[in-house]
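**Q** A structural model of the following input is requested.
(4 chains)
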Number of protein chains: 2
Amino acid sequence: MVVDQAEVDLLFHALADATRRDIVRRTMDGSFSVSTLARDYPMSFAAVQKHVAVLERAGLVTKERRGREHLVAGNPAALRAAHDVLDRLELVWRERIARMDDLLAADTHEGNRP
Amino acid sequence: MVVDQAEVDLLFHALADATRRDIVRRTMDGSFSVSTLARDYPMSFAAVQKHVAVLERAGLVTKERRGREHLVAGNPAALRAAHDVLDRLELVWRERIARMDDLLAADTHEGNRP
DNA sequence: CTGATCTACAACCATACGGTTGTATATACG
DNA sequence: CGTATATACAACCGTATGGTTGTAGATCAG
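**A** Okay, the predicted model is just below:
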């Protein structure tokens, strides 16, 4: 499951803004119209609209039209994808620690054998 | 353990670039001088220097001077912090699913009691 | 139909970003 | 010493970002 670097760029870029993270948090708990979301932020409707567009481009939310309003819903899979990228970065570190542990264990072993 | 939103912004912004993510990955496995890192990317030394500065500002790497070269080392704690932010976003979703499960279970329960 | 609401989109603006080149400083080597 | 290496930093440039306002198209209520 190799992820395209450009998509990861979009993912993390989308998460690098407090307003957008808040929108993600809220939409993970259900669907909200863009104007409902916009009401809670100290900026224009158009600005929130742009934030939603950034989140949509990153795959973090999806929009579904219902009547005249567009419901924004969070996409847990995208969050999981970001998670996985971080896991792979951490993995390198974990493996390094494991190797160090192995070396220490080997040393101890040799130390026990005179 | 409340994290400052501005710091989280820096964290995710730093991770929103493939070159920077690669530097993080490499430095999680040990220390590298800036020029050693720079050799592997198709850009100037100064550009890589800037990337390292962004990572440092986000706390993802630390620099330690050794002689004339500055060794860049990854900081697993920052990676963990990013992880935790994602966990909290996911948590909302998990709780929602749990609530839905509870409702379903309650329905089933009532259905079993005539 | 009229009016109010929700959304989309364009134009604009200030600032930040990612890259470049050039210059300066500290350290190692011979 | 002089020279090469490693880094830092400033200035510059094109483009993207995050915000604004304004205009226009759908849709619902009366």
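**Q** Quick check: beta-bridge partners of the residue lying closest to residue A:33 once chain neighbours are set aside?
**A** Spatial nearest neighbour of residue A:33, excluding adjacent residues (CB to CB, 6 or more residues apart in numbering or on different chains): residue A:69 at 4.0 Å. To be clear about C-beta, it is placed using only N, CA and C from the backbone, and glycine gets the same treatment. For residue A:69, the beta-bridge partners are residue A:66 (DSSP bridges).
**Q** okay, now residue A:69: neighbour count?
**A** By other CB atoms under 10 Å in any protein chain shown, 14 other residues sit near residue A:69.
**Q** Please apply the same query to the one 10 residues further on.
**A** Summarising burial for residue A:79: neighbours were counted as other CB under 10 Å, giving 22.
**Q** Just want the angle from the strand or helix carrying it to helix B:76-112.
**A** Assigned by DSSP states H and E, residue A:79 belongs to helix A:76-112. Put simply, helix A:76-112 runs at 120 degrees to helix B:76-112, going by axes from the mean of the first three to the mean of the last three CA atoms, to 10 degrees.
**Q** Who are the packing partners of helix A:76-112?
**A** In terms of contacts (3 or more CB pairs under 8 Å, 6 or more residues apart in numbering or on different chains; DSSP states H and E), helix A:76-112 is packed against helix A:5-15, helix B:18-27, helix B:76-112.
**Q** make it 10 Å
**A** Other helices and strands packing on helix A:76-112, by 3 or more CB pairs under 10 Å, 6 or more residues apart in numbering or on different chains; DSSP states H and E, are helix A:5-15, helix A:18-27, helix B:5-15, helix B:18-27, strand B:69-74, helix B:76-112.
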